[in-house]
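Student: sequence first, then the predicted structure:
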Amino acid sequence: MMLCKMAFEGIERLLNVGIPQIFYLKTSMVIEVIIMSIQLILMMKIIKALAQNEELTISLIINKTKSNHTVVVKHLHYLIELGLIQEKKFGRIKVYKYKLEDIRARSLARFIEIWESSTRWSE
């Protein structure tokens, strides 16, 4: 499931409606866009946690993102499909590793680092 793509499409649909018409939107469409936005935010929290720590168990990811197991697992599988992270198994324990050797993953990690440092300066 392409959660990230779905979130962007939902937000785009909402933005294309225009401000005056936004009040006439179906409640179901607004709820759909909100849910997709929340999913996108969670995906970014997972990426940030892994980029800053390189390797984490699913329990640590759940603790850092304050989300539930099922949702985190879905996002992790999607990130594996994208090639941004990899899963390593040690018996029953799974460790998720951020793939810094991937140019996209490295660029994203650098972006997060820059964003975090600029946010700290503005506070």
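Tutor: Structure received.
Student: and the residue nearest in space to the middle of the chain, what pLDDT?
Tutor: With distances taken as CA atoms, centre = their mean, the residue of the chain nearest its centroid is M43 (1.2 Å). pLDDT, M43: 87.
Student: which SSE is it in?
Tutor: Taking DSSP states H and E as the criterion, M43 maps to helix 27-53.
Student: quick check: next helix or strand after that helix?
Tutor: Note on helix 27-53: by DSSP H and E, the next helix or strand toward the C-terminus is strand 55-57.
Student: what comes up buried for the helix holding M43?
Tutor: 32-33, 36, 39-40, 42-43, 45-51 (16 or more other CB atoms under 10 Å). C-beta coordinates here come from the backbone N, C-alpha and C atoms, glycine included.
Student: starting at the chain centroid, how far to it?
Tutor: 5 Å (CA atoms, centre = their mean, to the nearest Å).
Student: ok, the residue nearest to the centre of the chain touching L79?
Tutor: Yes. Under the criterion of CB atoms under 8 Å, M43 makes contact with L79 at 7.4 Å.
Student: can you list the weak-confidence ranges in this structure?
Tutor: Applying pLDDT under 70 to the chain flags residues 1-30, 119-123.
Student: how are the strands of it distributed by residue range?
Tutor: 55-57, 85-90, 93-98 (DSSP state E).
Student: just put these in a markdown table and tack on distance to K74.
Tutor: Formatted as a markdown table, these follow (distance: least, CB to CB, whole Å):
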| stretch | distance to K74 |
| --- | --- |
| strand 55-57 | 16 |
| strand 85-90 | 13 |
| strand 93-98 | 13 |
